[in-house]
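**Q** Below is the sequence, then the predicted model.
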Amino acid sequence: MPNKNNLLIITSALPYANGPLHFGHLLEHIQTDIWVRTNRALNKECIYICASDAHGTPIMLKAEEENIQPEKLIEEITEIQKKSLINFNIKHDNYYTTHSKENRVFSELIFNSADKKGLIIRKKIKQLYDDSKGLFLADRYVQGECPKCGAKDQYGDNCEVCGATYEATELLNPKSIFTGNKPSVKESEHLFFDVGSCSENLKKWISDTDLQSAVKNKIQEWFVDGLKPWDISRDAPYFGFKIPGYEDKYFYVWLDAPIGYIASLENYLKKKNINKDSRELWGEQSDTEIYHFIGKDIMNFHTLFWPCMLETAGFKKPTNVFIHGFMTLNGKKMSKSKKNFLLVDDYLQVLQPDFIRYYLASKLSSGVDDLDMDLNDFQKKVNTDLIGKFINIASRSQGFLKKDSNMLGEVLDNEIIDEFINEKDNIFNLFTAREYSKALKEIMLLADKANQYIDLNKPWELNKEEVNSIEVKKIASTAINLFRILNLYLEPVIPETSEKIKNYLKSNQSLDNLKNNLVNHQLEIFKPLLLRIEDSEIAKLAEISQNG
């Protein structure tokens, strides 16, 4: 858990700049955004940064396909991605691009620092080459069987089944994804980062860091046979940064991609005219805390290569790396070819963002297990929790205030209100521990109690006689205040809805004034704050996903 007074730099993994975002991206960015909002609600200073991952062969080929320059492609895609994330109320402080002058500077800095320390090894390697395409095959452009576990259809850098990393030439029965042909092998001199020389310091960082137990166990496996030198160069043709001192050599995208976090921070500081630079905030001696949210498929880059790169140039290693599992749709892997795929913008054609934010949060824990989005379960969960339990508190209470022009009373049932307020630390400790599903269960238990309070006191019965008017107003006013408290607890998860509720309550409260009950307070006229998800809307989402 973050220390009280430190700055938190928080990142999500960088979406690749060759197309719109899908639900796998959304899972991670929602998870991160909730954590950022949680820490800010607790008055911690956070800088949430991200960028589009803009280098590599795929970008070059996509630009060729669309007959535009790569720079134009990544500019367009970056803007599309930024807009999509904003539409889901994901609020980065800076969403930049790895194809930037800042990133070039820091990439060259880290490379030169490593080179001066003798950590850059030059040696000739054999590479797979598609003779028909006239292209060295990047890891993503060759498929075969994993040399460790034998899993089929694995790419040329790591296995999604067993997590092994390897060279593309180690794949069994390799084939080019462009032509389906077996690639030839060509020799070329490449540059390698001697990760093995960092082994002892990496082991200490891993031991001292509160990584998830499953993550620590997986990382330990990579040390068994020793850490191999990491190939950080690629041959032309390639879109990226040229390596200083080399004519036709480029930095491998995975070298400059994580450095994009630092570049995005540097760009943010300049734009905000903050009189600090990223080396000061991210330096080894700083008290800044650095947190990365990533998927388990890129665990090795963030827990082995990245800390080693940072150490080489005098940057601070991550305080923690939070790793999540993959996301499936209706129990199956998301795939366009298998007609089981959903883009984030397609979802927004049908439903509002807070519904999916709530649903994903209700299934997220601090573990690395995969998460399934079942559309029918999604509908049931949202309708039951957000509409049937939470919004229902206000909708069934305010009617008893109408004759008093929606004015809350000055007398409340303080015992139950105090009970709700006293749950704040428990709930926000769960949020900061990334146990979102547990936090929401606690909140919904309170929502149940609020509804039970109304049921037990039966204001509809009391309201039949004028003599009970003060008691009826007390019950309704208490219920509205319980609703107010729950709204503040849910705000990191459903920020757009929470803002609507604050407008309805005519109260812009935060956790800091959680105990300030609304008494003798005018409310807006109640209007439906959320509408149930209809069967027709779920059917529409299913249709979109099946069309890929």
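**A** Sure thing, it's come through. Keep in mind the model is a prediction, meaning the values are calculated, not measured.

**Q** Show me where the stretch 51-200 of the chain has its strands.
**A** 94-97, 120-130, 135-136, 142-145, 154-155, 172-176, 184-193 (DSSP state E, counting those that start in this stretch).

**Q** Outside of the second one itself, list whatever touches it.
**A** Just to be clear, that refers to strand 120-130. With Cβ atoms under 8 Å, 6 or more residues apart in numbering as the test, strand 120-130 has contacts from 111, 114, 135-137, 141-142, 156, 167-169, 174, 176, 178-179, 181, 183-194, 229, 231-232, 235. All C-beta atoms are positioned from the backbone trio N, CA, C, and that covers glycine.

**Q** pLDDT at Lys186, what is it?
**A** Here the pLDDT value assigned to Lys186 is 91.

**Q** Apart from its chain neighbours, what residue comes closest to it?
**A** Spatial nearest neighbour of Lys186, chain neighbours left out: Tyr129 (4.5 Å); criterion: Cβ to Cβ, 6 or more residues apart in numbering.

**Q** okay, and for the stretch 1-150 of the chain, where does confidence drop off?
**A** 1-5 (pLDDT under 70).

**Q** care to break the chain down by domain?
**A** Using automatic domain parsing, the domains assigned to the chain come out as 8-108+255-333, 119-197+207-235, 375-513.

**Q** Figure out which of the ones you listed is closest to Gln352.
**A** domain 375-513 (7.2 Å; Cβ to Cβ).

**Q** So for Asn18, what's the nearest residue that isn't a sequence neighbour?
**A** Asn18's closest residue in space is Lys62 (Cβ to Cβ, 6+ apart), at 4.8 Å.

**Q** Any figure for the gap between that neighbour and Glu76?
**A** Applying Cβ to Cβ, to the nearest Å, the value for Lys62 to Glu76 is 11 Å.

**Q** Looking at these two, which is more packed in?
**A** Lys62 (20 against 13; other Cβ atoms under 10 Å).

**Q** Need the per-residue pLDDT for the residue nearest to Leu531 when sequence neighbours are not counted.
**A** Among residues not flanking Leu531 along the chain, Ile387 sits closest, at 7.7 Å (Cβ to Cβ, 6+ apart). pLDDT for Ile387: 97.

**Q** what's Ile387 in contact with, if anything?
**A** By Cβ under 8 Å, 6+ apart, the residues touching Ile387 are 530-532.

**Q** Which residues does Ser176 form beta bridges with?
**A** Taking DSSP bridges as the rule, Ser176 bridges to Val142.

**Q** okay, now it: neighbour count?
**A** 21.

**Q** any idea how far it is from Glu170?
**A** From Ser176 to Glu170 the distance is 16 Å (Cβ to Cβ).

**Q** which other helices and strands contact the helix or strand hosting Glu415?
**A** For Glu415, the host element (DSSP states H and E) is helix 414-421. Counting contacts by 3 or more Cβ pairs under 8 Å, 6 or more residues apart in numbering; DSSP states H and E, helix 414-421 is packed against helix 436-457, helix 469-490.

**Q** what's the distance between that helix and the middle of its chain?
**A** 34 Å (Cα atoms, centre = their mean, to the nearest Å).

**Q** for the lowest-mean-pLDDT helix or strand in the chain, packing partners?
**A** Sorted by mean pLDDT, DSSP states H and E, the helices and strands of the chain end with strand 135-136, the least confident at a mean of 86. With contacts defined as 3+ Cβ pairs under 8 Å, 6+ apart, strand 135-136 has these neighbours: strand 120-130.

**Q** Go ahead and confirm Ser199 touches Gly226.
**A** Yes - under the criterion of Cβ atoms under 8 Å, Ser199 makes contact with Gly226 at 7.4 Å.
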